[in-house]
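In: Predicted structure and sequence below. I'll ask about it afterward.
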Amino acid sequence: MQGTEDTGPAGERAGGPDAARGAEGGQACGPDAARGAEGVAPGQGQAGGPDAARATDDQADGQHAARATDDQAHRPGHPAAARPHEDHGPVRYGPPAPDPGLPVLPELAAVLAAASARTRPEPPGGGPVLREAARGYWDRRGLHGAAGGIAAAPGAQPLLLALIGAHGGDVLMPRPCPAAWMPQARLLGRPAYHVPTPAECGGIPDPYALLETVRRVRAEGGRPKLLLLSVVDDPTATVAPPELVREACEAAVDEGLHIISDETWRDTVHRPRDTVLLSPAEMCPDDVTVIADLSGALVPAAWPVAVARFPDTPRAAVRHARTLDILTALGALVAGPVAHAAAHALGEPDSVRDRIRRAAALQTDVAAAAHRAVLGSGALARPPQAGRHLYADLGPLRSRLADLGVTDSMELEEYLTDRLGAPAPGGHRFGDELGALRVRLGTGPLLGATPQQQTESLAAAKPLELPHVARALDDFAAVFAELR
């Protein structure tokens, strides 16, 4: 693929000349790196503005190489003789999903242990029990269908790779977006384009910017065919309003795009009774494939399993078959014991529902406290509505950060990871401009350092008053207070 190209203000192409660099996700690709870094809510796209500057791979690689050879700069609270700096650009250093910060549900651990004697993996796409459990899970959420329209894989990445491979054409996705999306398109050699998001939320493209991007890509000879979106979003931790979801989906379908809706985080909404969550598949049932990584709310990330729900149409049946072919070729089969535990979790017995409810309530309090600490420093962040993270824009603190040697999101990632003692991936990991000082902050590490502390946090009526949670929040706030 060619280097990052300017497709105009409405959408930018992200690419790279070789597989290793193309999968990286650590390069800048977008209009005017300074744009949006100052005073723009994190993840907010802009449909207008000056032409985008070309972000060359040589420049990005040069920055990685220079930092890989330099010694780690002294950080406040750390000894001057720190370990040599390591290059964290390649995709293998990409951020995992935010840590839930909670121990495994004992009932699920028992189910997995009971199935540990299973020595054979599931068939491609999952066995009948797992697929029926996934069908029932979506049926309870108003997305009806047959078990034959389900496909399972050992994690969201191989499943998304298979889905993109089963569709032809170019791929569009919002900016910012989950860190794993762009590497999948690049690995397949598919041209991929970022589209700005509306001011209200992340996860979905601005409808007008989407239409303009499609128009310009086609004018340049491209074939936009697939749109990835997430109504409940990583990295922004927002829930897209139903009216914006409808507008974006109608625009996509009118332009002939098929939609892949990543609903990994739908069961982590902090205030489910006060939040209206609308799946694109409810509005455009024939044009939307839904995927969910069960590590979002149902099983630990160490038990990799994700499921996809296809539309009930002849065309979708063909794509389902292609997806299974690709999963077979990849050897992407769900382990037998994991499939057994996943099917149990998808059935949502009382213990699983109670864990989902308690975890969401806990994150409501802890994420809100972390959000207040970030705002108290003068940084910007949308209120977290779901997940176990928030997305902050430290653009207003640029001068103070520059004094500390932090001038872009790569350096911000390194600085905050050192200071917080927990992963703090920069916005460049999610497709945002390298020059924008944005970062995803996980709240899982604030729940406790041991399973006992984490369990206490989960059971507490007022978790913020627990000594270990209060200390963790004080330490978190102190890091940002230093930047005022």
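Out: Yes, it's here.

In: Provide a list of residues in contact with Ala109.
Out: Listed by Cβ atoms under 8 Å, 6 or more residues apart in numbering, Ala109 has no contact partners. Where you see a C-beta, it was placed from the backbone N, CA and C, and this is true even at glycine.

In: State the helix or strand in which it lies.
Out: Using DSSP states H and E, Ala109 maps to helix 106-114.

In: What distance do you get for Ala370 to Met173?
Out: 27 Å (Cβ to Cβ, to the nearest Å).

In: before we move on, what about Glu247?
Out: Distance, Glu247 to Met173, using Cβ to Cβ: 17 Å.

In: Likewise for Ser377?
Out: Relative to Met173, Ser377 is positioned 30 Å away (Cβ to Cβ).

In: quick one: which of Glu247 and Met173 has more around it?
Out: Ranked by neighbour count (other Cβ atoms under 10 Å), Glu247 and Met173 place Met173 first, with 26 against 18.

In: mind pulling up the phi and psi values for that one?
Out: Here is the backbone geometry of Met173 (degrees, to the nearest 10): phi -150, psi 150.

In: Now for Asp229: which residues touch it?
Out: You called it Asp, but residue 229 is Leu. Counting by Cβ under 8 Å, 6+ apart, Leu229 touches Met173, Pro174, Gly203, Ile204, Pro205, Ala248, Ile259, Ile260, Ser261, Asp262, Pro280.

In: Mind checking what secondary structure the second one has?
Out: If I follow you right, that is Pro174. Recorded secondary structure, Pro174: strand (DSSP: H, G, I helix; E, B strand; the rest coil).

In: returning to what we had before: from the contacts of Leu229, which is closest to Thr236?
Out: Lowest distance from Thr236 to these (Cβ to Cβ) belongs to Gly203, with 6.5 Å.

In: and the direction of the helix or strand containing Ile356 versus that of helix 106-114, what angle?
Out: For Ile356, the host element (DSSP H and E) is helix 350-376. Angular relation of helix 350-376 and helix 106-114 on a 0 to 180 degree scale: 120 degrees, by axes from the mean of the first three to the mean of the last three Cα atoms, to 10 degrees.

In: C-alpha coordinates for the helix or strand following the helix holding Ala109, PDB please?
Out: Sequence order places helix 128-139 as the next helix or strand after helix 106-114, per DSSP H and E. Provided in PDB are the C-alpha atoms of helix 128-139 (Å, rounded to 0.1, in the frame of the first residue of the first chain):
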ATOM      1  CA  PRO A 128     -23.800 -25.900  18.000                       C
ATOM      2  CA  VAL A 129     -24.000 -25.300  21.800                       C
ATOM      3  CA  LEU A 130     -21.800 -22.100  21.600                       C
ATOM      4  CA  ARG A 131     -23.700 -20.800  18.500                       C
ATOM      5  CA  GLU A 132     -27.100 -21.400  20.100                       C
ATOM      6  CA  ALA A 133     -25.900 -19.600  23.300                       C
ATOM      7  CA  ALA A 134     -24.800 -16.600  21.200                       C
ATOM      8  CA  ARG A 135     -28.100 -16.700  19.400                       C
ATOM      9  CA  GLY A 136     -30.000 -16.600  22.700                       C
ATOM     10  CA  TYR A 137     -27.800 -13.800  24.000                       C
ATOM     11  CA  TRP A 138     -28.700 -11.500  21.000                       C
ATOM     12  CA  ASP A 139     -32.300 -12.600  21.000                       C
END
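
In: Show me what the helix or strand following helix 128-139 is packed against.
Out: Proceeding N to C from helix 128-139, the next assigned helix or strand is strand 150-153, under DSSP H and E. On a contact count with 3 or more Cβ pairs under 8 Å, 6 or more residues apart in numbering; DSSP states H and E, strand 150-153 meets helix 128-139, helix 156-166, strand 306-309, helix 314-330.

In: Go through the first one and flag the buried ones.
Out: If I follow you right, that is helix 128-139. Val129, Leu130, Arg131, Glu132, Ala133, Ala134, Arg135, Tyr137, Trp138 (16 or more other Cβ atoms under 10 Å).

In: Repeat that for the last one.
Out: Using 16+ other Cβ under 10 Å as the burial criterion, the residues of helix 314-330 that qualify are Ala316, Arg319, His320, Thr323, Leu324, Ile326, Leu327.

In: and of these, the nearest to Ala152?
Out: Leu327 (8.7 Å).

In: re earlier: so for Gly431, which of the helices and strands packed on strand 150-153 sits nearest?
Out: Ranking the helices and strands packed on strand 150-153 by distance to Gly431, with Cβ to Cβ as the measure, places helix 156-166 first at 15.0 Å.

In: pLDDT on stretch 395-415, on average?
Out: Mean pLDDT, stretch 395-415: 97.

In: Could you work out the end-to-end span of it for me?
Out: End-to-end distance of stretch 395-415: 15 Å, with Cα to Cα, to the nearest Å as the criterion.

In: Tell me the gap between it and the middle of its chain.
Out: 23 Å (Cα atoms, centre = their mean, to the nearest Å).

In: Quick check: which helices or strands does the strand or helix carrying Asp475 pack against?
Out: Here Asp475 sits within helix 467-481, counting by DSSP H and E. Using 3+ Cβ pairs under 8 Å, 6+ apart, the elements in contact with helix 467-481 are helix 350-376, helix 409-420, helix 451-459.

In: which other helices and strands contact the second one?
Out: Other helices and strands packing on helix 409-420, by 3+ Cβ pairs under 8 Å, 6+ apart, are strand 438-442, helix 467-481.

In: now the angle between helix 467-481 and the shortest one, please.
Out: The reference is to strand 438-442. 170 degrees.

In: Flag every buried residue along strand 438-442.
Out: Neighbour counts using 16+ other Cβ under 10 Å place Arg438, Val439, Arg440, Leu441, Gly442 of strand 438-442 among the buried residues.

In: now these as JSON lines including pLDDT and distance to Ala179?
Out: Below are these laid out as JSON lines (pLDDT from 0 to 100; distance: Cβ to Cβ, whole Å):
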{"residue": "Arg438", "pLDDT": "98", "distance to Ala179": "13"}
{"residue": "Val439", "pLDDT": "98", "distance to Ala179": "13"}
{"residue": "Arg440", "pLDDT": "98", "distance to Ala179": "9"}
{"residue": "Leu441", "pLDDT": "98", "distance to Ala179": "14"}
{"residue": "Gly442", "pLDDT": "97", "distance to Ala179": "13"}
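
In: Save those residues as a markdown table, and put in distance to Thr268 too.
Out: Shown next, in a markdown table, are the buried residues of strand 438-442 (distance: Cβ to Cβ, whole Å):
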| residue | distance to Thr268 |
| --- | --- |
| Arg438 | 21 |
| Val439 | 20 |
| Arg440 | 15 |
| Leu441 | 16 |
| Gly442 | 13 |
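
In: I'd like to know which of the residues you listed is nearest to Ala237.
Out: Looking across those and measuring by Cβ to Cβ, the closest to Ala237 is Arg440, at 8.4 Å.

In: Can you give me the first-to-last residue distance of stretch 263-281?
Out: By Cα to Cα, the extent of stretch 263-281 from end to end equals 11 Å.

In: Give me the most central residue, the protein.
Out: Against the mean C-alpha coordinate of the chain, by Cα atoms, centre = their mean, the closest residue is Pro178 at 2.9 Å.

In: Please name the nearest non-neighbouring residue to that residue.
Out: Nearest residue to Pro178 in three dimensions, chain neighbours excluded: Asp234, at 5.0 Å (Cβ to Cβ, 6 or more residues apart in numbering).
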